[in-house]
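pasting a predicted model and its sequence here:
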Amino acid sequence: MRRVLCCLLCVPLLAAAGEVLDSQVVEDAGHYSVALSARIEAPPAVVYAAITDFNNLAAINPSIVESRILQASSPRQHRIKTLIRVCILIFCKNIHQVQDVEQVNDSLITAETLPGSGDFKSGTAQWQLTKRGDATELHFTQTFEPDFWVPAFIGPWLIERTLVKEMEETAMYIERRPQAHDQPD
C-alpha cells in the first residue's frame, strides 16, 4: 500500500516534467541532420541561463563530462570545448568538440563546429527558445559530420533515441534548478 501511495504522490511531478514533442535524425553519406523540439517546464530566461552556462553544462546534461570556455571574443561570442561521453547500446565513445557559439539574442543561440579541433569534420547547431505559457519550447537543429566511424547498424534510429533520452534528462535537470519556477519571465 505504501508503494502505491508513493507512486500516486509522484504522478503530479512526472506530469509536470518536460517532454520531447518531436524528433528526427537523417543520415546522408555520413552527414547527419538532427531536429528536436521539447517542452521544458521553466521560463525561457531560466532555460537560456542553463544552456549558456558554458563552464557548467555537465550540471544539466549527464552525457557532458566537461565543458569550458576557451575564448570569449565578446560577451555573446564564445569558443567552447566540450567532452561528451556517448553510449549507444554497448558502444561508448568520448567525443571532443570545439564550437564557436553566438548568443544571437535572448532566445536564439547558434554554433559552428571548428574542423580539426575535435571529433567532427563539420557541424552547425541552433537552439531557439519560445515562451509557451509558463514553459519554454526549445527547438534544436544540428548538422554534423563525424570524424570517426559510426557503425552502420546504429543508424539514425538509435542516434535519435539517444538524443531524445538526453533531452528528457536535460529538461528534468533544468526544471529541478531552484530558480526554474520562481523567476518571472
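Done, it's in. Residues are numbered from 1 along each chain as shown.

need the next SSE after the lengthiest strand in the chain, C-terminal direction.
Looking across the chain with DSSP state E, the single longest strand is strand 91-105. Next along the chain after strand 91-105, taking DSSP states H and E as the criterion, comes strand 108-113.

and the longest helix along the chain, what's buried?
Using DSSP state H, we find that the single longest helix of the chain is helix 155-175. Buried residues in helix 155-175, defined by neighbour count with 16 or more other Cβ atoms under 10 Å: 158-160, 162-164, 166-167, 170-175. For every residue, glycine as well, the C-beta is placed using N, CA and C.

quick check: bridge partners of Leu129?
Per DSSP bridges, residues listed as beta-bridge partners of Leu129: Leu138.

how about it, what does it touch?
By Cβ atoms under 8 Å, 6 or more residues apart in numbering, the contact list for Leu129 reads Pro44, Val47, Tyr48, Asp106, Ser107, Leu108, Thr136, Glu137, Leu138, His139.

run the last query once more with 10 Å
Counting by Cβ atoms under 10 Å, 6 or more residues apart in numbering, Leu129 touches 40, 43-45, 47-48, 51, 105-109, 136-140.

related to what we said a few turns ago, ok now the longest helix of the chain, how far from the chain's centre?
When distances are taken as Cα atoms, centre = their mean, to the nearest Å, helix 155-175 is centred 8 Å away from the chain's centroid.
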